[in-house]
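J.: structure of the sequence below:
(2 chains)
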Protein chains: 2
Amino acid sequence: MRRSKKERQRLLTQTIEDNPFVTDEQLAQQFNVSVQTIRLDRMELAIPELRERIKNVASKTFENEVKSLPLEEVIGEMIDIELDKQALSIYDVTPSDVFARNGIARGHHLFAQANSLAVAVIDDELALTVKSNIHFVKPVHVGDRIISKAVVTGKDDDNNRTYVNITSTVNGEVVFKGEFEMYRTKGKGE
Amino acid sequence: MRRSKKERQRLLTQTIEDNPFVTDEQLAQQFNVSVQTIRLDRMELAIPELRERIKNVASKTFENEVKSLPLEEVIGEMIDIELDKQALSIYDVTPSDVFARNGIARGHHLFAQANSLAVAVIDDELALTVKSNIHFVKPVHVGDRIISKAVVTGKDDDNNRTYVNITSTVNGEVVFKGEFEMYRTKGKGE
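T.: So this is what the prediction gives:
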């Protein structure tokens, strides 16, 4: 069922408020209209595009949340964080990140995004990577947007360790997985 | 037993020819003289200092040796390579490589040096990292010179895999270890 334009724009505003990271494509599907219609709706409603919304959220919210390092030292753009639980970041692959010969993103850039997210999620002034087990699942290319998700999977307070799993995806497909053993100065109990 | 200056300078020239990466400190010990004496000997003999010797070797020798990527894409300075066997690189930690807060080098720089060396050692036009198991053994700081050594430990030609171990040291102490599973386009038998 098609909604009236007014009704659609009301729901559109609500949907984007609930989830600022929804794409125009997802909205078009949800409201059964073209992407172009969504763009026009956003312009009429003065709702910025996804990239701008991400930037706004990123610059506004997380400066005082991340404890273990200054926000600008996180590789990628932080878009969500719940300390000692989970965190999310976005990294857009640039031409300087890839092998000249085959256009495939170099491993250390995916690792840098993942590793800095594993540091950032720790609720402590100091967090250092001890060990890491990583898997480059699929090649990533220029222009790909990598979404990395960190999930804290366990803690060992006696040994000042926190375990973090990272999964990085491009368009919903897993491109990188990593398990990180992190050192921190104190256990949560202190 | 102290040698005559002439005899010492003859042996010094020979020693440096055999191993261009020997330090003035090591030479001083070997010839039982002060580091200052070694420096004066080198000046008289017009033998450049270690850093310059490394640069000369690096820029002269390896441009056509590394197959899997252009030499300038190797992170660090390549100082030795024997394809599909072993490789050696040097990386000097700069202020921009460390966490602002504690001066400890960020993990992805050590990983980048190690990973690019694991790529470079492969005797193939294409080499990609599949999996890696890494251990940050000791913190590294600004000014530290990291020497990474890659050793090819095994191959699985049926699955186009080569296994590489990396050990990185600073002043002889291990700071990083990694096992890398590399994909290549062809086995050695082809």
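J.: what's the neighbour count on the nearest residue to residue A:83 once chain neighbours are set aside?
T.: Nearest non-adjacent residue to residue A:83, counting by CB to CB, 6 or more residues apart in numbering or on different chains: residue A:123, 3.8 Å away. No exception for glycine: its C-beta is placed from N, CA and C like everyone else's. Counted with other CB atoms under 10 Å in any protein chain shown, residues neighbouring residue A:123 total 18.
J.: how much space between residue A:123 and residue A:15?
T.: 31 Å (CB to CB, to the nearest Å).
J.: then residue A:136?
T.: 35 Å.
J.: for chain A, which segments count as strands?
T.: Per DSSP state E, chain A carries strands over the ranges A:77-82, A:86-92, A:127-136, A:145-156, A:161-170, A:173-184.
J.: so which of these comes closest to chain B?
T.: strand A:127-136 (4.6 Å; CB to the nearest CB).
J.: residue A:152 and residue A:114, how far apart?
T.: For residue A:152, the distance to residue A:114 equals 14 Å [CB to CB].
J.: the more surrounded of the two?
T.: Neighbour comparison, residue A:152 and residue A:114: the larger count goes to residue A:114, with 30 against 21 (by other CB under 10 Å).
J.: neighbours around the closest residue to the more buried one other than its chain neighbours, how many?
T.: Distance criterion CB to CB, 6+ apart; nearest residue to residue A:114, sequence neighbours excluded, is residue A:166 at 4.2 Å. Using other CB under 10 Å, residue A:166 has 25 neighbouring residues.
J.: where does the prediction get shaky in chain A?
T.: A:1-2, A:55-61, A:63, A:187-190 (pLDDT under 70).
J.: the residue nearest to residue A:114 contacts residue A:174, doesn't it?
T.: No - Residue A:166 lies out of contact with residue A:174 (CB atoms under 8 Å); the separation is 10.7 Å.
J.: chain neighbours aside, what residue packs nearest to the residue nearest in space to the middle of chain A?
T.: With distances taken as CA atoms, centre = their mean, the residue of chain A nearest its centroid is residue A:89 (2.3 Å). Spatial nearest neighbour of residue A:89, chain neighbours left out: residue A:76 (4.0 Å); criterion: CB to CB, 6+ apart.
J.: which residues touch that neighbour?
T.: A:89-91, A:113, A:116-117, A:146, A:148 (CB atoms under 8 Å, 6 or more residues apart in numbering or on different chains).
J.: of these, just say which sits nearest to residue A:37.
T.: Distance to residue A:37 across those (CB to CB) is lowest for residue A:90, with 25.6 Å.
J.: and that closest one, what are its bridge partners?
T.: Beta bridges link residue A:90 to residue A:77, residue A:147 when assigned by DSSP bridges.
J.: what does chain A put close to chain B?
T.: A:69-70, A:73, A:75, A:99-102, A:104, A:106-108, A:111-112, A:115-116, A:125-126, A:128-136, A:139 (CB under 8 Å from any CB of the partner chain).
J.: just the buried residues of these.
T.: For the residues of chain A next to chain B, a burial check counting by 16 or more other CB atoms under 10 Å in any protein chain shown picks out A:69, A:73, A:75, A:99, A:104, A:106-108, A:111-112, A:115-116, A:126, A:128-136, A:139.
J.: contacting residues around the nearest residue to residue A:185 once chain neighbours are set aside?
T.: The shortest distance from residue A:185 to any non-neighbouring residue, by CB to CB, 6+ apart, is to residue A:126 (4.7 Å). The contact partners of residue A:126, by CB under 8 Å, 6+ apart, come to A:68, A:183-185, B:101-102.
J.: returning to that earlier point: residue contacts, the residue nearest to residue A:83?
T.: Contacts for residue A:123 (CB under 8 Å, 6+ apart) come out as A:67-68, A:83-84, A:188.
J.: out of those residues, the closest to residue A:6 would be?
T.: The closest of the contacts of residue A:123, once distances to residue A:6 are taken by CB to CB, is residue A:83, at 41.3 Å.
J.: outline the domain layout of chain A.
T.: With domains defined by automatic domain parsing, chain A comprises A:5-47, A:57-184.
J.: just those domains: most buried one?
T.: Per-stretch averages of neighbours, counted by mean count of other CB atoms under 10 Å in any protein chain shown, single out domain A:57-184 among the domains of chain A, with a mean of 19.
J.: now do the residue nearest to the centre of chain A against residue A:44, distance only.
T.: Applying CB to CB to residue A:89 and residue A:44 gives a distance of 31 Å.
J.: ok, residue A:115 next?
T.: Note on residue A:115: its distance to residue A:44, by CB to CB, is 42 Å.
J.: likewise for residue A:158?
T.: Distance of residue A:158 to residue A:44, computed by CB to CB: 58 Å.
J.: got a list of what residue A:156 touches?
T.: A:162-163.
J.: and for residue A:13?
T.: Residue A:13 neighbours (CB under 8 Å, 6+ apart): A:45, A:47.
J.: kindly report the same for residue A:186.
T.: By CB under 8 Å, 6+ apart, residue A:186 lies in contact with A:124, A:160.
J.: do the same with residue A:146
T.: Residue A:146 neighbours (CB under 8 Å, 6+ apart): A:76, A:90-93, A:110, A:113, A:140, A:168-170, A:175-176.
J.: among those, which two are most distant?
T.: So, the contacts of residue A:146 by CB to CB: farthest apart are A:92 and A:176, at 15.0 Å.
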